[in-house]
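Visitor: whatever this is, show me its structure:
(chains A, B, C and D)
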There are 2 protein chains.
Amino acid sequence: MSQPDILDRLKRHGVQATPQRLEVAAVLLECPQHLSAEQILERLRAAGSRVSKATVYNTLKLFGERGLVRELTVDPDRKYYDSTTHAHHHFYNVGTGVLSDIPADQVRIMNLPPLPAGTEQESVEVLIRVRDKDTA
Amino acid sequence: MSQPDILDRLKRHGVQATPQRLEVAAVLLECPQHLSAEQILERLRAAGSRVSKATVYNTLKLFGERGLVRELTVDPDRKYYDSTTHAHHHFYNVGTGVLSDIPADQVRIMNLPPLPAGTEQESVEVLIRVRDKDTA
DNA sequence: TTCCAGCCTGGAATTAGTCTATACTCTGCA
DNA sequence: TGCAGAGTATAGACTAATTCCAGGCTGGAA
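Guide: Here you go, the predicted structure:
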């Protein structure tokens, strides 16, 4: 994703652009992927950036709230941020921690039950946990 | 769930019975519900038990590994333990943290895509996030 | 200029969960 | 009757992800 595209995406989600936010966005939005805050911080540091940890966390949280990226709760030890925001689902390898996408149109969910009273739906997520086969 | 039923369930899952494990199981298996480790510890303490935190955590982890209860990763801040282990899905109220069950037969998933190479499926979970409607 | 809101930062604080070293409790067996 | 060993329980230290905080910076409005 190019710099102007990123700027545009920030603007469309009502997020004010700053150098740090652009850096974070550039890493995460580079391609469809799933990264944790620490992974992003690591990459930024490796590339010579001096963003603070707090800023990376704050920025990702903000991006998540504004719908610019998607927050995934899949690993009990850390959050992952998904650069792809349109509806889709995931495979999660519990051994390796690798996440991969399942296009929304490959899963059809039927007979959805009524929501609990007084609530409205926010999202539907299908998570298929997998593990490496024993090669023994 | 009565004491003998709990003993039986432990035995069927290859978990050796101890007073502490019985206490933990009694709280969680009392009825179909979703509790965090801390909630269970709290209830035990309130009931006068002196189990240690480590024991509660160890016990729940063991129960989860042996399939006696189900571990849920749904709230980024804590794990929940589900007393119901047969296949089913969940509503999760992101505002209140309340989890509720969706019977498996109320959700039909079709066209499941192929698993990533070299992996085998462990579980399929559907999570529907909801939020309280604005009453404004 | 001066103000102010919003942003960034390092470091402290928080918190779920795990680890560790020690002590206890059975159960089989001499 | 007593010992050995496996499996457990416990308090408290520790880890790691994330959030909080207090101070400093910046760019535009007045």
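
Visitor: how close does residue A:69 sit to residue B:95?
Guide: Counting by C-beta to C-beta, to the nearest Å, the gap from residue A:69 to residue B:95 is 21 Å. Any C-beta I mention is one placed from the backbone N, CA and C, and that applies to glycine too.

Visitor: higher neighbour count, those two?
Guide: More crowded of residue A:69 and residue B:95, by other C-beta atoms under 10 Å in any protein chain shown: residue A:69, with 25 against 12.

Visitor: what are the phi and psi angles of the more buried one?
Guide: phi -140, psi 170 (degrees, to the nearest 10).

Visitor: that one contacts residue A:28, correct?
Guide: Yes: using C-beta atoms under 8 Å, residue A:69 makes contact with residue A:28 at a distance of 6.1 Å.

Visitor: find residues that contact each of the two.
Guide: A:60, A:63, A:81, A:83 (C-beta atoms under 8 Å, 6 or more residues apart in numbering or on different chains).

Visitor: now, the residues you listed that are in helices?
Guide: Secondary structure assignment (DSSP state H) places A:60, A:63 from the shared contacts of residue A:69 and residue A:28 within helices.

Visitor: what's the neighbour count on residue A:100?
Guide: The number of residues packed near residue A:100 is 17, by other C-beta under 10 Å.

Visitor: can you tell me the element the closest residue in space to it that isn't next to it in sequence falls in?
Guide: Of all residues not flanking residue A:100 in the chain, residue A:91 sits nearest, at 4.7 Å (C-beta to C-beta, 6 or more residues apart in numbering or on different chains). In this structure, residue A:91 sits in strand A:88-93 according to DSSP states H and E.

Visitor: buried residues in that strand?
Guide: Buried residues in strand A:88-93, counted by 16 or more other C-beta atoms under 10 Å in any protein chain shown: A:88-93.

Visitor: longest strand in chain A, please.
Guide: Ranked by residue count, the top strand of chain A under DSSP state E comes out as strand A:119-132.

Visitor: what does chain A put close to DNA strand D?
Guide: Those residues of chain A that sit near DNA strand D, judged by C-beta under 7 Å from any atom of the strand, are A:36-38, A:53-54, A:57, A:61, A:77-79.

Visitor: keep only those that also lie close to chain B.
Guide: With C-beta under 8 Å from any C-beta of the partner chain as the criterion, the members of the residues of chain A next to DNA strand D in contact with chain B are residue A:79.

Visitor: hmm, who's touching the longest strand of chain A?
Guide: In contact with strand A:119-132 (C-beta under 8 Å, 6+ apart) are residues A:74, A:87, A:89-96, A:102, A:107, A:109, A:112, A:115, B:91, B:93-94, B:109, B:112, B:115-116, B:118-133.

Visitor: now do it: distance to the chain's middle.
Guide: In terms of C-alpha atoms, centre = their mean, to the nearest Å, the centre of strand A:119-132 is found 14 Å from the chain centre.

Visitor: just the buried residues of the helix or strand of chain A with the lowest mean pLDDT, please?
Guide: One helix or strand of chain A scores below all others by mean pLDDT, DSSP states H and E: strand A:108-110, with a mean of 82. Buried residues in strand A:108-110, counting neighbours by 16+ other C-beta under 10 Å, are found at residue A:109.

Visitor: partner strands of it and their direction?
Guide: Note on strand A:108-110: by DSSP bridges, its sheet partners are strand B:108-110 (antiparallel).

Visitor: other residues contacting the partner strand?
Guide: Contacts of strand B:108-110 (C-beta under 8 Å, 6+ apart): A:107-111, A:126, B:124, B:126.

Visitor: try stretch A:88-95
Guide: A:72, A:74-75, A:98-104, A:107, A:125-132, B:115-116, B:119, B:122.

Visitor: pull up the gap between the residue in chain A that DNA strand C sits nearest to and residue B:112, please.
Guide: DNA strand C sits closest to residue A:52 of chain A, with a gap of 2.7 Å, by C-beta to the nearest atom of the strand. Going from residue A:52 to residue B:112 by C-beta to C-beta gives 43 Å.
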